[in-house]
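In: Take this sequence and fold it.
(one chain, ligands or ions: 2)
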Amino acid sequence: MKKILFVASEGVPFIKTGGLADVVGSLPKCIDKRYFDVRVILPRYTCMRQEIKDRMQYVTHFYMDFHYRSEYVGMLEAEVDGIHFYFIDNESMFNGFKPYSDYVLDEITKWAFFSKAALSILPVIDFRPDIIHCHDWQTGLVPVYLKERFQGGEFYRGIKSVMTIHNLKFQGKWDVKTVQEITGLSSYYFTPDKLECYKDANLLKGGLVFADAITTVSGTYAEEIKTPFFGEGLDGLMRARSHDLRGIVNGIDYDDFNPATDKYIKHKYNAINFRKEKVKNKRAMQAYLGLEQNDKVMMIGIVSRLTDQKGLDLIAYVMDELCQDAIQLVVLGTGEERYENMFRHFAWKYGGKVSANIYYSEDLSHQVYAACDAFLMPSLFEPCGLSQLMSLRYGTVPIVRETGGLKDTVQPYNEFENTGTGFSFANYNAHEMLATIRYAEHIYYDEKREWNKIIDRGMAADFSWAVSARKYQEMYDWLLS
Ligand code: ADP
Ligand code: GLC
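Out: Ligands and ions are numbered 1, 2, ... in the order given. So this is what the prediction gives:
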């Protein structure tokens, strides 16, 4: 039995701000339990819901040297669907109303603490993983500490590490001197071939240099990040490590996201009866959100973090034009104020047609996937994207920009060959997007049989974890061979 330890900053069902949590919560369940014992370490945030905290059991605590002081490290545990979750507890590190703050230095400190604590606790709980699988910049120091600090001790010697990039844009950067003090790493590590990056210290870069293997969440993004536009300053490193870099496309939890059993939706349906049943969810949503009641109108959904990654500038640019069409638009998201206000403005201007729901809601997100006819995701870049996979699963036709995982998971409709599961466009151009939406409208209104066949193909596509989990297993086997 090989032991794998996931280290991450968020995971379903405990805490979620985006797709990272979906992956960390669902992938471990799908790794073959006959060969792998996968466990997960997360922080225990004070902002977690009480019922979630109540599920955790105290295990142990100790004190760890960190940043010239001795810090409390508590550990709790919980089991979900046969997966063991551990939680690192330290109230002063993981306080606040949300998991991440806007104060970069606080974040750097917090994640340096978490990375060191996650490694230090392992002998205490007597769990020696064969591989530590790290996710995103918050855990970038784990491979660094592992290779250079802890390898001296018998316990840690030979443990391999994997760094998975969910989003290269976030790297955890601060000046070298301060990071050196916080991490306690010697100046040896702060050179341009290690943690230093354009004069600053960069935590993700540390992880990418020291990990034994690197993955990212789609094949296309794995190629894109070797180029300057997507590389966020690290494209040179990605090229240098291209032999150790693989793209493995994300899956979604097919039990949590299943229109036939989803507890969040009133009218369940499946790939056979969606033609009659799915529309009932649209009707319910129109009533709930105060949109014009109309079974026939094409309802387009957006469920998203509202950041510039998601292509919202394109939408803002043509929103007035789009709203002249026979469509309804339902938005669910939070993020940058300018986008929140943009959608609020259009909901006010086109009441009955546009609904802006500027908050986070698991319930409503499932209802949007179920109720809408189409789902819009015109991202500037998208490492993988899970929302389009959820849409496909719910018979909601994705309209996406061909980048990253969107390109790998949505097959564009081809009217001459009767193929495709959605609609897509290539360039980051608002009118190219609008033309694609209008083409989709045309198929929806004038070629309903074709539209339904697109749904048939989308619902038949398999984006469960089955295939991708096997690819992770192959990588684990390769690392340990
Ligand atoms: P990213 O991780 O970049 O935010 P993904 O498409 O990979 O993008 O994953 C986004 C996840 O977050 C999906 O599960 C989506 O349903 C969910 N999500 C985003 N915004 C909200 C929101 N306001 N309310 C509920 N769920 C949301
Ligand atoms: C990141 C990316 C998103 C991806 C998710 C899970 O948040 O922005 O594209 O699906 O991680 O890997």
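In: residues contacting residue 250?
Out: Residues in contact with residue 250 (Cβ atoms under 8 Å, 6 or more residues apart in numbering) are 19, 22-23, 217-218, 384, 386, 389, 405, 468. Where C-beta positions appear, they are placed from N, C-alpha and C, glycine not excepted.
In: Is it in a helix, a strand, or coil?
Out: Here residue 250 is coil, with the state taken from DSSP: H, G, I helix; E, B strand; the rest coil.
In: quick one on the thing from earlier: check the contacts of residue 250 against ligand 1, which are close?
Out: Residues of the contacts of residue 250 in contact with ligand 1 (Cβ under 6 Å from any ligand atom): 19, 22, 384, 386.
In: Turn the contacts of residue 250 into CSV, including pLDDT and distance to residue 235.
Out: Converted to CSV, the contacts of residue 250 look like this (pLDDT from 0 to 100; distance: Cβ to Cβ, whole Å):
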residue, pLDDT, distance to residue 235
19, 97, 22
22, 98, 27
23, 98, 23
217, 98, 17
218, 98, 17
384, 98, 19
386, 98, 25
389, 98, 27
405, 98, 18
468, 98, 24
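In: where do the strands sit along the stretch 351-481 of the chain?
Out: 354-357, 374-377, 397-401, 423-425 (DSSP state E, counting those that start in this stretch).
In: and if you look at the stretch 151-300 of the chain?
Out: 160-165, 173-175, 196-197, 200-202, 213-216, 245-247, 298-306.
In: Any part of the last one near ligand 2?
Out: Right, the one you point to is strand 298-306. No: Strand 298-306 does not reach ligand 2 (Cβ under 6 Å from any ligand atom); its nearest approach is 7.9 Å.
In: buried set for the helix or strand that comes right after that strand?
Out: Downstream of strand 298-306, the next assigned helix or strand under DSSP states H and E is helix 312-322. Using 16 or more other Cβ atoms under 10 Å as the test for burial, helix 312-322 gives 312, 314-316, 318-319, 322.
In: so which of the strands of the stretch 151-300 of the chain comes closest to residue 413?
Out: Closest to residue 413 of the strands of the stretch 151-300 of the chain is strand 298-306 (Cβ to Cβ; 14.8 Å).
In: Let me know the average pLDDT across the closest one.
Out: Strand 298-306 comes out with an average pLDDT of 98.
In: Equivalent analysis for stretch 247-266, please.
Out: Here stretch 247-266 scores 98 as its mean pLDDT.
In: Enumerate the positions of that stretch that are buried.
Out: 247-254, 256-257, 259, 262, 265.
In: burial count for the closest residue to residue 256 other than its chain neighbours?
Out: In this structure, residue 256 finds its nearest non-sequential neighbour in residue 26, 7.4 Å apart by Cβ to Cβ, 6 or more residues apart in numbering. The local packing of residue 26 (other Cβ atoms under 10 Å) involves 25 other residues.
In: Residue 414 too?
Out: 9.
In: My guess is it contacts residue 420. True?
Out: Yes: contact criterion Cβ atoms under 8 Å: residue 414 and residue 420 qualify, at 5.3 Å.
In: so what's residue 148 scoring on pLDDT?
Out: Model confidence at residue 148, expressed as pLDDT, equals 76.
In: what's the lowest-mean-pLDDT helix or strand in the chain in contact with?
Out: Within the chain, confidence by mean pLDDT, DSSP states H and E is lowest for helix 141-148 among all helices and strands, at a mean of 93. For helix 141-148, contacts defined as Cβ under 8 Å, 6+ apart pick out 7, 111-112, 115-116, 118-119, 132, 134, 156, 159, 161, 163, 183, 185, 189, 194-195, 203, 206-207, 209-212.
In: So which of these belong to helices?
Out: If you go by DSSP state H, those have 111-112, 115-116, 118-119, 183, 203, 206-207, 209-210 in helices.
In: From those residues, pick the one nearest residue 15.
Out: Within the ones in helices among the contacts of helix 141-148, proximity to residue 15 (Cβ to Cβ) peaks at residue 111, which comes in at 14.6 Å.
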